[in-house]
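>>> need a structure here:
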Amino acid sequence: MTNEIELRISEQTSFADGHEFGETGAFEKLVGRAHFAVDPEAPAQAGIVDIDKAPRNDKGLVEFTSDICILRPADLSRGNKRVFFDYGNRGNMRALQFFNDAPGSNNPQSLADAGNGYLFRRGYTVVWGAWQGDLLPGNGRMLLDLPIAREADGPITGPVRIEIIADSPGLTTFPLSGGRASTRSHPTISLDTREARLTRRRYATDERIEVPADQWCFARLESGAGLDMQGAETSLIPSDSNIHIPTGFETGWIYELVYTGRDPLVLGLGHVAVRDLVSFLKYAETDRAGNPNPAGGPEMVEKAYSWGRSQTGRCIRDSLYNGYNADAEGRRVFDGVMPHVAGAGRMWMNHRFANVITPAGQHYEDHDNRADKFPFSYAESTDHLTGKTDAILKRPDTDPLVIHTQTGTEYWQRRGSLVHTDTQGNDLEQPDTVRAYFWSSSQHFANPNLQAPTRGVCQNDCCVTTTSMLFRSTLDALDRWATDGVAPPPSRIPRRADGTLVTWAEWKTQFPAIPGVATPQSANGLPLLDFGPDEDKGILSQEPPNVVDAAGYTILVPAVDADGNDIAGIRVPMVSAPLGTYTGWNLRARGYGEGAMHEFTGSTMPFPETPEHRQATGDPRRSIQERYQNLDGYVRAIREAAMTLVEDGLMLEEDVERAVELARGWSAPRHSVSLD
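Take a look at the predicted model:
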């Protein structure tokens with residue numbers, strides 16, 4: 001039995017007001033839904049947790065439906081015959097924001113939404129397809145409608161664990177999705193709080209303190225305007241999908257709820273949705289209903305590439321590891337992939353009662369998450385704790401070319417060193433089909449259009465380095481590699497062998513004593529966790545997990561120079577000619593988990609402007625004036641750094657002037673410098 005797909009296009013319009021993008025010309029936008037039907041017993045779907053418990057149609061197939069959006073050349077013959085698939089992030093479109101420096105939008109339509117036009121000038125057919133099945137409608141998110149798994153005699157039930165962290169005071173109610181309003185909760189089977197366990201703790205590894213069952217409830221709070229001059233009024237409504245604490249969730253605490261949930265979705269079908277959609281666009285002429293392939297089919301699609309950042313970078317790695325880059329007929333789906341800021345993780349998705357939106361394990365948030373499990377590297381290695389030997393890439397006939405990119409945040413928060421070391425921290429050579437690039441002194445989410453830096457609940461301003469030029473050069477390099485066999489520049493990563501990958505203790509001796517700046521007391525560790533005997537089958541029966549080995553795996557971080565900036569990797573112009581210390585870590589402020597690292601936020605610690613400023617503050621770092629003398633000297637340093645990257649094949653010539661233009665105002669508004 002063959003998998004089926006039908007694309008129902010509901011909207012076809014001109015994109016960007018018909019603007020002509022270079023030799024490719026105008027683009028058009030297609031919006032619709034992809035309807036899938038797959039054989040639950042076929043080898044192509046083997047390993048999808050609970051697919052055997054999903055409802056079937058009269059053909060014996062399991063059905064599910066995905067939102068799709070396609071931006072294609074109006075004249076496909078003028079395109080570059082390549083599909084660029086953006087995995088997005090939690091239902092949000094991201095590629096135009098990061099490759100084109102465009103505003104973030106889930107409904108790109110105008111010329112402004114095209115940004116600098118890079119992807120369109122290159123001639124790509126840009127495709128989005130929903131893959132995350134637990135999202136709820138809202139904010140233009142792309143949705144994947146999945147079946148609920150059920151036993152023959154009733155609903156499936158099992159343990160569910162969520163964490164909630166309140167980053168503002170006075171909050172009393174959260175959804176059971178871990179506090180995420182965008183995400184479906186696993187309903188509790190009982191409103192009796194005595195049948196669940198709510199705990200709280202200051203830090204991730206602290207002992208859990210139980211919250212008495214009579215001090216919280218499964219309920220939601222609703223409010224509105226009352227009559228008869230009552231003013232605002234509220235109602236407390238029992239709810240199987242919400243938790244309520246009348247006195248409020250206290251900031252600076254991690255709340256953890258373990259309860260028995262019901263009705264899990266068959267979330268692993270998200271991998272199948274991407275695989276079958278892109279395979280159809282690449283290989284098929286028509287769908288099951290006879291509708292023509294909107295990408296033009298085999299004559300118009302020679303290559304397919306994918307990109308995902310953070311959660312979706314992990315999704316790419318998870319898909320490769322589990323063999324979903326081979327379609328139902330055994331053909332390669334993506335010719336090249338670009339997982340960005342995934343760290344060493346994969347996905348907590350193809351599991352019963354998974355919560356796909358969670359950001360994987362961090363220093364403070366969701367520390368004991370299932371996403372970070374061996375193997376961590378594309379290369380084969382042996383887990384010294386379990387004796388298992390494995391690799392993410394192990395199917396040479398269908399594995400794609402891989403360019404893995406990550407920032408300082410991934411080394412500190414997402415165990416990123418394990419991408420290119422073994423489990424004990426020794427350098428691990430990657431396959432010839434893999435490149436790994438460390439984007440030095442940058443943070444996880446580097447907004448190309450950042451205005452003044454923000455701080456939020458952190459101690460420092462966020463990291464302000466701009467890195468979007470690297471996306472463009474990396475995609476060009478991937479296309480040359482896949483098309484002409486021209487290998488990209490060698491990997492640029494910190495290594496033990498040359499002393500640029502170090503332990504936290506070694507890093508601590510290198511980082512400068514900047515006045516008023518606290519530093520992390522460790523990188524985010526990774527203990528060996530046990531989620532129960534059926535974990536490898538996708539059933540997590542032990543929640544919270546048992547800690548088998550607290551020391552766990554060796555996590556290393558990049559070495560830094562006298563300014564505190566990372567030595568190894570690709571140094572973008574703002575790092576080669578810095579105005580401050582830029583890190584991939586930031587610490588939570590007092591009252592919000594003080595001292596723990598915060599999610600995916602980096603730091604900017606500006607240099608003193610003058611020698612006098614430096615002396616008055618006791619700052620060990622050279623002043624801006626000592627480095628560049630004046631603005632002209634700074635602009636010149638930025639240009640020289642940009643040209644070096646161009647010569648090394650790591651930056652496009654078109655991006656040199658963009659870097660210089662930003663520098664002409666002392667990189668304002670990212671920096672505030674009062675020198676002439």
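>>> CA atoms for contacts and neighbours, from now on please.
Will do.
>>> low-confidence bits of this structure, can you list those?
1 (pLDDT under 70).
>>> if you set the cut-off to 80 instead, what comes out?
1, 226-231 (pLDDT under 80).
>>> quick one: the residue in the chain sticking out farthest from the centre from residue 256, how far?
Within the chain, residue 228 marks the point farthest from the mean C-alpha position, 50.2 Å out by C-alpha atoms, centre = their mean. Going from residue 228 to residue 256 by C-alpha to C-alpha, to the nearest Å gives 41 Å.
>>> got it, and residue 588?
Remark: distance between residue 588 and residue 256 (C-alpha to C-alpha) = 19 Å.
>>> ok, which stretches of the stretch 351-500 of the chain are strands?
381-382, 389-390, 401-407, 434-439 (DSSP state E, counting those that start in this stretch).
>>> for stretch 191-199, buried residues please.
191, 193, 196-199 (16 or more other C-alpha atoms under 10 Å).
>>> A helix includes residue 642, no?
Yes - Residue 642 sits within a helix when classified using DSSP: H, G, I helix; E, B strand; the rest coil.
>>> report the contact partners of it.
Neighbouring residues of residue 642 by C-alpha atoms under 8 Å, 6 or more residues apart in numbering: 572-573, 651, 656, 659.
>>> looking at these, which one is closest to residue 319?
Of all the contacts of residue 642, residue 319 sits closest to residue 651, with 29.0 Å by C-alpha to C-alpha.
>>> what's the neighbour count on the closest one?
Look at residue 651: counted by other C-alpha atoms under 10 Å, it has 24 neighbours.
>>> show me what contacts it?
Counting by C-alpha under 8 Å, 6+ apart, residue 651 has contacts 469-470, 472-473, 642, 645.
>>> helix, strand or coil: sort out residue 338 for me.
strand.
>>> so it touches residue 405, yeah?
Yes - contact criterion C-alpha atoms under 8 Å: residue 338 and residue 405 qualify, at 7.5 Å.
>>> look up how far residue 429 lies from residue 503.
Here residue 503 is placed at a distance of 19 Å from residue 429 (C-alpha to C-alpha).
>>> in JSON lines: the strands of the stretch 351-500 of the chain, plus distance to residue 58.
Output for those, formatted as JSON lines (distance: least, C-alpha to C-alpha, whole Å):
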{"stretch": "strand 381-382", "distance to residue 58": "45"}
{"stretch": "strand 389-390", "distance to residue 58": "40"}
{"stretch": "strand 401-407", "distance to residue 58": "40"}
{"stretch": "strand 434-439", "distance to residue 58": "44"}
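>>> point out the most buried one among those.
Ranked by mean neighbour count, the strands of the stretch 351-500 of the chain are led by strand 401-407 with a mean of 25 (mean count of other C-alpha atoms under 10 Å).
>>> in its sheet, what does that strand sit against?
Applying DSSP bridges, strand 401-407 is found paired with strand 336-340 (parallel), strand 434-439 (parallel).
>>> how is this protein divided into domains?
Structurally, the chain divides into domains by automatic domain parsing as follows: 1-147+266-301, 157-262.
>>> gap between the two ends of the last one?
For domain 157-262, the separation between the terminal residues is 4 Å (C-alpha to C-alpha).
>>> please report how far residue 416 lies from residue 504.
14 Å.
>>> more crowded one of these two?
residue 416 (27 against 19).
>>> contacting residues for the more buried one?
342-344, 406, 410, 555.
>>> what distance do you get for it to residue 534?
On the measure of C-alpha to C-alpha, residue 416 and residue 534 end up 27 Å apart.
>>> likewise for residue 610?
62 Å.
>>> more neighbours: these two, which one.
residue 610 (17 against 11).
>>> contacting residues around the spatially most central residue of the chain?
Residue closest to the mean C-alpha point of the chain, counted by C-alpha atoms, centre = their mean, is residue 310 at 1.3 Å. Residues counted as contacts of residue 310 (C-alpha under 8 Å, 6+ apart) are 89, 339-343, 444.
>>> turn those residues into a markdown table, columns for neighbour count.
As requested, those are exported to a markdown table (neighbours: other C-alpha atoms under 10 Å):
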| residue | neighbour count |
| --- | --- |
| 89 | 22 |
| 339 | 25 |
| 340 | 25 |
| 341 | 30 |
| 342 | 29 |
| 343 | 32 |
| 444 | 26 |
